Structures are given as structure tokens and as C-alpha cells.
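Q: coordinates only, sequence not included:
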């Protein structure tokens, strides 16, 4: 797969103009939200019997609202059967995202889990892919109720229900799901993923403690040591080389987002290059990867054929 390098000149210019502006989440609120979380539930309810093939179940084993989870199970699940989380985009079509991965999961004999963060319960970007760290009024929410908090207990519940004993999972997200995944990497330090793949995200949370969250990490529950650790984690930024429409109807055009680039391809390259720069400054062993899906635009189905080769690296 051919790799490309972002323009150093463009990155330098964007770094000069990237600044905190209106619409960001207050650092005081986020600091309070970072307080140690209480256990969500002493004993989560057991999942129903999961049948091979495609299906769904309701997951209530976390402190947030119950989630409909669309899944695929191979015919035979053993102690070594792998688990992949697939995180949907702003369309909230979790079943369609799962369906796109069934051929690859069938071939590789692994479990696919696609939680549905519905419009009813997670109506905005703030409540879904930005993490639901604060409410609409800016008040901090308990850490165990962030949208990111659903992944780890879901992993444990599915392991218990199916019998697989794998210690880690892979996680992939496209579009708004790619936003969810890279912020999950930045803000959930104890997550047990083996590889995270963020594909075609519309905009990013820069690995920078001087830029206010959600465009940077200022005020978020992390510090220099946490940022260094984030840059050393196995995150792949996957970009469709044809995802270059500056007028796409779902593309954010806030001033902060526009400083990252005029379209998704440019923004993904900028994010990766920014991470490399910060890693060098912090002396971190930079582990993020940048990869490309040739001739793919903004399509989960199209980019999945490339992502399925990356999630198990």
C-alpha cells in the first residue's frame, strides 16, 4: 500500500494558526470530570445466549444508557477467538457497519461487535464521538458515563458469554467512529486494545496540552506523561486518498477544524505529522502509523477492505 508524506510547509502553516477559539469545553469542567470513577455496577447482568452469525443484544453492563450491540459470531468460538469492535459514523447505522465486516470476520473467524450510539441517547457529536465528557451545559459527567466507558465492560461481557479468553481486542472506527477511536486512545489509558484504526475522521483532537479540548488536550484528564504514553500506542490513521471533498455535507468547518486542513485526507495527514512532531519533542517512541486506501472516498464499505488487513497487525 503506497504511503504519502504530508506537505511540511502546509503543516507548519497550520500549526502557526491552530489556536483555541469559541466552542471548546472548559478546562475546569474537564478537570472535575477526571475525578476517579466509582464502579458502574457491582455485577453486570449476563448477556443472552449469542447465536452464530449476525444478531444483536442489549448491553446494560455499564453506567451509561443501554446500548444495542450488533454482532457477528463465527460458527465456532474457542478460547483464542479474536474480538473486533467496529465503531459507526454519524449516520448511526451500526448494523450496516457490522455487515460490511462480516465477509472478513467469516474468513478470519473472529467476533465483530458494533455498539449503536443512537441519535435518541447520543444525539450530538458532543455526546457521542467527543466522548460525552461534559453535558450540554458544560457540567462534568462521571468518567464511567463517558461514551468511551462502554467499550471495556462490553469486551468482558462478550468474553464471558462466548468463552473466548483473548486478553486484548482490536478497535476500528470510520468517520465519526474514527473520531471516537482516536480520542479513546488519547483518553482511556488502560484500554486493552492491541491495535486501534481510525479511518477518515472529519477532525481531530490534537496531541497538544496547550490547545483546549476537544481540538486539543488542554483541560482533558491527561498530562505530559499521559501524552507521551498516547504517542507510543498502536494507533493507525487510515485515509482514503479520494476523501478530498472540501464541501462534504458532514465535514466540520469550524475555524479550529479548518486549521487542520480543507478535507479529511489533509486533516488526517496533519494529525499524524503533528503527533510525530510532539513525540520528538517529548522523546517518545512514536508508534502511530499512517496508511492509505487508494482511490477510496468517504466510504466505510470501501475502506474496510484495507482496514481488515491492519486491525490485526
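A: Sure, I can see it. Predicted model only: the values in this text are computed from it and were never measured. Numbering: from 1, shown residues only.
Q: my read: residue 75 touches residue 52, true?
A: Yes - taking Cβ atoms under 8 Å as the definition, residue 75 is a contact partner of residue 52 at 4.9 Å. Any C-beta I mention is one placed from the backbone N, CA and C, and that applies to glycine too.
Q: Specify which residue of those two has the higher count of neighbours.
A: residue 52 (11 against 8; other Cβ atoms under 10 Å).
Q: for that one, what are its contacts?
A: 73-76 (Cβ atoms under 8 Å, 6 or more residues apart in numbering).
Q: Out of these, which end up buried?
A: Buried members of those, counted by 16 or more other Cβ atoms under 10 Å: 73-74.
Q: So which of the contacts of residue 52 is the closest to residue 181?
A: residue 73 (22.4 Å; Cβ to Cβ).
Q: Which residue, other than its chain neighbours, is closest to the closest one?
A: residue 52 (4.9 Å; Cβ to Cβ, 6 or more residues apart in numbering).
Q: Could you check how far the one you found is from residue 171?
A: 22 Å (Cβ to Cβ, to the nearest Å).
Q: Check residue 184 too.
A: 7 Å.
Q: so who does the residue nearest the centre of the chain touch?
A: By Cα atoms, centre = their mean, the chain has its centre lying nearest to residue 181, at 0.8 Å. Counting by Cβ under 8 Å, 6+ apart, residue 181 touches 87, 171-173, 196-198.
Q: Tabulate these (CSV), appending pLDDT and distance to residue 235.
A: CSV is the format used below for the contacts of residue 181 (pLDDT from 0 to 100; distance: Cβ to Cβ, whole Å):
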residue, pLDDT, distance to residue 235
87, 98, 14
171, 98, 10
172, 99, 11
173, 98, 11
196, 98, 5
197, 98, 8
198, 98, 7
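Q: Closest one of those to residue 286?
A: Nearest member of those to residue 286, counting by Cβ to Cβ, is residue 196, at 14.8 Å.
Q: how about the closest one, what does it touch?
A: Counted by Cβ under 8 Å, 6+ apart, residue 196 has contacts 170-172, 181-182, 184-185, 233-236.
Q: For ChimeraX, write the selection for the buried entries among those.
A: Those of the contacts of residue 196 that count as buried under 16+ other Cβ under 10 Å are selected in ChimeraX with:
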select :170,171,172,181,182,184,185,233,235,236
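Q: Can you tell me which of the contacts of residue 196 is closest to residue 95?
A: Out of these, the member with the shortest distance to residue 95 (by Cβ to Cβ) is residue 172, at 15.9 Å.
Q: secondary structure class for that closest one?
A: strand (DSSP: H, G, I helix; E, B strand; the rest coil).
Q: what residues are up against it?
A: 84-87, 181, 196-197, 199, 307, 311.
Q: related to what we said a few turns ago, format the contacts of residue 196 as TSV; extra columns: distance to residue 211 and secondary structure.
A: Listed next are these as TSV, based on distance: Cβ to Cβ, whole Å; DSSP: H, G, I helix; E, B strand; the rest coil:
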residue	distance to residue 211	secondary structure
170	29	strand
171	25	strand
172	26	strand
181	20	helix
182	15	helix
184	19	helix
185	17	helix
233	20	coil
234	24	coil
235	18	strand
236	23	strand
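Q: picking that back up, in a markdown table: the contacts of residue 181, plus distance to residue 94.
A: Shown next, in a markdown table, are the contacts of residue 181 (distance: Cβ to Cβ, whole Å):
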| residue | distance to residue 94 |
| --- | --- |
| 87 | 9 |
| 171 | 14 |
| 172 | 13 |
| 173 | 11 |
| 196 | 18 |
| 197 | 17 |
| 198 | 17 |
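Q: mind listing the helices in this protein by residue range?
A: Counting by DSSP state H, the chain has helices at residues 8-17, 27-33, 94-108, 151-162, 176-187, 224-231, 255-258, 264-282, 300-307.
Q: Does anything pack onto the third one? Which helices or strands?
A: Right, the one you point to is helix 94-108. Packing partners of helix 94-108 (3 or more Cβ pairs under 8 Å, 6 or more residues apart in numbering; DSSP states H and E): strand 53-59, strand 67-73, strand 83-87, strand 111-116, helix 300-307.
Q: wait, which of those is closest to residue 218?
A: Nearest of the helices and strands packed on helix 94-108 (Cβ to Cβ): strand 83-87, 24.9 Å.
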